[in-house]
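A.B. asks: got a sequence here, can you build the structure:
(one chain, ligands or ions: 1)
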Amino acid sequence: MEKWNSETLRTNPLVEIGEFFNSRADIYNEVHVENIGGGMESKNIIASLLPENTETLIDFGVGTGLELAGIFKRFPCIKVTGVDIAGNMLEKLKNTYPDKSINLFCESYFNFDFGVSCFDSALSVMTMHHYDHKTKTALYEKVRSCLKENGVYIECDYMLSENDYENAQELEDFYFSEYKRLMEEQGLTGDSYYHYDTPCTVKNQIRLLTEAGFSSVSEVWHTGNTIILAANK
Ligand SMILES: C[S@@+](CC[C@H](N)C(=O)[O-])C[C@H]1O[C@@H](n2cnc3c(N)ncnc32)[C@H](O)[C@@H]1O
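C.D. replies: So this is what the prediction gives:
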């Protein structure tokens, strides 16, 4: 099986996103952790950022559940709802945590009805960097509304920090225009999403979450290109 790193994530031809992760589920844990800023620390730190009273959590793009190990350690009885488009990733998750309270849904979080005021906390880890501003803002509105009063949304993702890149906005624009160019070149329509990394600047991420109605958003952790934002309902 082919290995991949942050650069080969942008190779041709584009592959539909669910298909990409389904075909890599067996090697995902090892390869992913090797190739992200902060490695496993970026997953384990998340548990400490959730509010003390968290009993229910929804995780968008939960994948094989790498981030859940630390969460189950701190909150052994937490009820987790996980949504992911790639069934093979979810199969691995089920085998990893057979005795935990996890409700899994194999579908796109864009089509999933999260409900209103249902969860104490919401989480997404390394999944949102595949989507554009408009798509994410619409999703963030739904994320905010599925949270209970005083709920918190944590997003841990591949972002471009203005502290690390003088040209952060230029880089973001470049990746989005390359994605568009490749789609056109390959005759692909906007009906499906394809695996291509389009990280946003931290400034833009904070703005999108604020525009979606979150009352305060702040950067709470940062190693390499892995950045964690906490957004309060
Ligand atoms: C890089 S993996 C991250 C998995 C896990 N959260 C972690 O940090 O290890 C991205 C995950 O997001 C899922 N994903 C991407 N787009 C999705 C969508 N629209 N709806 C549901 N899941 C999605 C992929 O299938 C994949 O499992």
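A.B. asks: the residue lying closest to N44 once chain neighbours are set aside is in what secondary structure piece?
C.D. replies: Ranked by CB to CB, 6 or more residues apart in numbering and with sequence neighbours excluded, the top spatial neighbour of N44 is G70, at 4.1 Å. C-beta here means a position set from N, CA and C on the backbone, and glycine is covered the same way. Using DSSP states H and E, G70 maps to helix 68-74.
A.B. asks: what parts of the chain come near the ligand?
C.D. replies: Contact residues, the chain versus the ligand (CB under 6 Å from any ligand atom): 17-18, 21, 32, 61-63, 66-67, 83-86, 89, 108-110, 125-127, 130.
A.B. asks: just the buried ones from those?
C.D. replies: Buried members of the residues of the chain next to the ligand, counted by 16 or more other CB atoms under 10 Å: 17-18, 21, 32, 61-63, 66-67, 83-86, 89, 109, 125-127, 130.
A.B. asks: where exactly do the helices run in this protein?
C.D. replies: Along the chain, counting by DSSP state H, helices occupy 17-22, 25-34, 41-44, 46-49, 68-74, 87-96, 133-146, 168-185, 202-211.
A.B. asks: now tabulate the ones you listed in a markdown table and tack on mean pLDDT.
C.D. replies: Below are these laid out as a markdown table (pLDDT from 0 to 100):
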| stretch | mean pLDDT |
| --- | --- |
| helix 17-22 | 95 |
| helix 25-34 | 94 |
| helix 41-44 | 98 |
| helix 46-49 | 98 |
| helix 68-74 | 98 |
| helix 87-96 | 97 |
| helix 133-146 | 98 |
| helix 168-185 | 94 |
| helix 202-211 | 98 |
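A.B. asks: just send these back as a markdown table, with distance to S218 too.
C.D. replies: Putting the helices of the chain into a markdown table (distance: least, CB to CB, whole Å) gives the following:
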| stretch | distance to S218 |
| --- | --- |
| helix 17-22 | 29 |
| helix 25-34 | 26 |
| helix 41-44 | 17 |
| helix 46-49 | 11 |
| helix 68-74 | 20 |
| helix 87-96 | 29 |
| helix 133-146 | 15 |
| helix 168-185 | 18 |
| helix 202-211 | 8 |
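A.B. asks: which among those is found nearest to Y193?
C.D. replies: Y193 lies closest to helix 17-22 among those, at 4.9 Å (CB to CB).
A.B. asks: run through the neighbouring helices and strands of the closest one.
C.D. replies: When contacts are defined as 3 or more CB pairs under 8 Å, 6 or more residues apart in numbering; DSSP states H and E, helix 17-22 sits against helix 87-96.
A.B. asks: so which bits of the helix it packs on are buried?
C.D. replies: Under the neighbour-count criterion of 16+ other CB under 10 Å, helix 87-96 has 88-90, 92-93, 96 buried.
A.B. asks: in terms of secondary structure, what does the longest strand along the chain contact?
C.D. replies: Secondary structure of the chain per DSSP state E: the longest strand is strand 147-160. Where contact means 3+ CB pairs under 8 Å, 6+ apart, strand 147-160 is packed against helix 46-49, strand 119-125, helix 133-146, helix 168-185, strand 200-201, helix 202-211, strand 226-232.
A.B. asks: at 6 Å what do you get?
C.D. replies: Under the contact criterion of 3 or more CB pairs under 6 Å, 6 or more residues apart in numbering; DSSP states H and E, strand 147-160 touches strand 119-125, helix 168-185, strand 226-232.
A.B. asks: cool, thanks, talk later.
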